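A.B. asks: turn this into a model:
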Amino acid sequence: MPASAISSFASLLRRFRRNTDGSTIVEFAIVAPTFLALLFAILETALMFFANQVLETVAQDSAREIFTGQAQSASMTQTQFKTFVCLKIPALFDCTQLKVDVQAYSAFGSITLPTQIDANGNFIDNMQYNPGGPGSIVVVRMFYQWQMFVTGLGYDISNLNGHQRLLVATAAFQNEPYRN
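C.D. replies: Numbers count the residues shown, from 1 in each chain. A predicted model of the protein is given here:
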């Protein structure tokens, strides 16, 4: 290679190194994917926590129907109670995916709440409806399988198969001494 070609190539490299035109776009292209992944992960996590809080509020409001004996006096079935709950659920949720479990216990110490996720990451759908009678201890639980989207970017908080997170809302109380 002639000396002039080496000299001109070295000169080209020096000019390229000193030229800062476009450095901002190169730096942004390096930082942008990480920034956007973090931003989307934060937004998805915030939306999931918001949805869980909404579900908690719906569980508390709906449990009041059992707590006061109105559900028992109206002889509500599991389907009717779920319909009642669905009237309180905002558009954030698909009511067909909502699972409602109502169980009565004799004492607070006898309450056992098993996990609804099996060893393979599947949801265990064994929902029951037993609102109890006056003075019964009742636990109302609501489950919703929330779809996660940002899991492919290395941030995966899903606990179910199919990149879903199980949202759980619980209300535990002792029924009022209403009249049957």
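A.B. asks: what bridges to Met142?
C.D. replies: Beta bridges link Met142 to Val100, Ala169 when assigned by DSSP bridges.
A.B. asks: my read: it touches Gln97, true?
C.D. replies: No - when contacts are counted by CB atoms under 8 Å, Met142 is not listed as touching Gln97 (11.0 Å). For every residue, glycine as well, the C-beta is placed using N, CA and C.
A.B. asks: of those two, who's got more company?
C.D. replies: In this view Met142 and Gln97 are compared by other CB atoms under 10 Å, and Met142 has more residues nearby, 25 against 12.
A.B. asks: spit out the contact partners of that one.
C.D. replies: Leu55, Val58, Ala59, Ser62, Val85, Leu98, Lys99, Val100, Asp101, Val168, Ala169, Thr170 (CB atoms under 8 Å, 6 or more residues apart in numbering).
A.B. asks: and the lengthiest helix in the chain, what does it pack against?
C.D. replies: Ranked by residue count and defined by DSSP state H, the top helix of the chain is helix 23-67. For helix 23-67, the helices and strands in contact under the criterion 3 or more CB pairs under 8 Å, 6 or more residues apart in numbering; DSSP states H and E are helix 78-88, strand 137-147, strand 164-174.
A.B. asks: still on that earlier bit, can I get the contacts of Met142 in CSV with distance to Ser110 and pLDDT?
C.D. replies: Conversion of those to CSV gives the following (distance: CB to CB, whole Å; pLDDT from 0 to 100):
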residue, distance to Ser110, pLDDT
Leu55, 25, 97
Val58, 26, 96
Ala59, 21, 97
Ser62, 23, 96
Val85, 25, 96
Leu98, 27, 96
Lys99, 23, 97
Val100, 21, 97
Asp101, 16, 97
Val168, 20, 97
Ala169, 21, 97
Thr170, 16, 97
